[in-house]
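Visitor: Here is the input, now give the coordinates:
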Amino acid sequence: MEPQLVKACLDTHTVLWSLAGDPQLGKSARQIIASSSRMSLIISDIVLLEVSHLSAKGRIDRSLGLDVLLTKIAESFRVIPIDPKIAALATSLDLPHGDPFDRVIAATAVHHGVPLLTRDKLLKRSKAVETIW
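Guide: A predicted model of the protein is given here:
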C-alpha cells in the first residue's frame, strides 16, 4: 500500500471546530478537511495536551468527557509525535510569540511541508508557516 500524501496540519481550534461542526471553521479549511482522508490530515501530539489544558481551564465544552474527546481526536486525525527535528524547528521559527503549543504545531506543518489550517492571526502574519483558513 502506498503511503498517504499529507495534505494539511491542523491547529487545535481547527480540530475542535471541525469535530463540532462549528460554523467558525473557515470555508477553505472546511473544504480541505471534508475532501481528505484521516491519514492525510495530521496533528501534532501536542494538540492532545493543549486540549487537556483547555479542558482543565474550563475553556472548552467538557460534556463529552476528556477521555472520550481525546480518543475522538486521535481517531479522526493522524497524530504526529514531536521528534528531534520538529523540536529544534519549533524554537527556531520566526514567530511573534513564544507559545510552545503554537510553535510545535507550526513546526510540525513546516517539517512535513504542508499548510497549517488555522485562524491564528499571529501565525498567519508571521509567514513562517503557510496557512489556510
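
Visitor: ok, residues contacting stretch 63-77?
Guide: Stretch 63-77 has contacts (CB atoms under 8 Å, 6 or more residues apart in numbering) with 10, 15, 18-19, 38, 41-43, 47-48, 51-52, 55. Placement of C-beta: from N, CA and C, glycine included.

Visitor: So which of those residues is the closest to residue 133?
Guide: Checking the contacts of stretch 63-77 against residue 133 by CB to CB gives residue 10 as the nearest, at 11.4 Å.

Visitor: Give me the residues contacting the lowest-mean-pLDDT helix or strand in the chain.
Guide: Every helix and strand in the chain was compared by mean pLDDT, DSSP states H and E; the lowest is helix 121-126, with a mean of 94. The contact list for helix 121-126 (CB under 8 Å, 6+ apart) reads 11, 93-97, 102, 106, 116, 118, 129, 131, 133.

Visitor: Which PyMOL command selects the buried ones in the contacts of stretch 63-77?
Guide: A single PyMOL command suffices to select whichever of the contacts of stretch 63-77 are buried according to 16 or more other CB atoms under 10 Å:
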select buried, resi 10+15+18+19+41+42+43+47+48+51+55
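
Visitor: what's the longest helix in this protein?
Guide: Taking DSSP state H as the criterion, the chain has its longest helix at helix 100-112.

Visitor: Just after that one, pick out the following helix or strand.
Guide: Note on helix 100-112: by DSSP states H and E, the next helix or strand toward the C-terminus is strand 116-117.

Visitor: by contact count, what packs against that next one?
Guide: If contacts are counted by 3 or more CB pairs under 8 Å, 6 or more residues apart in numbering; DSSP states H and E, strand 116-117 sits against strand 8-10, helix 27-34, helix 100-112, strand 131-132.

Visitor: That one pairs with which strands?
Guide: strand 8-10 (parallel), strand 131-132 (parallel) (DSSP bridges).
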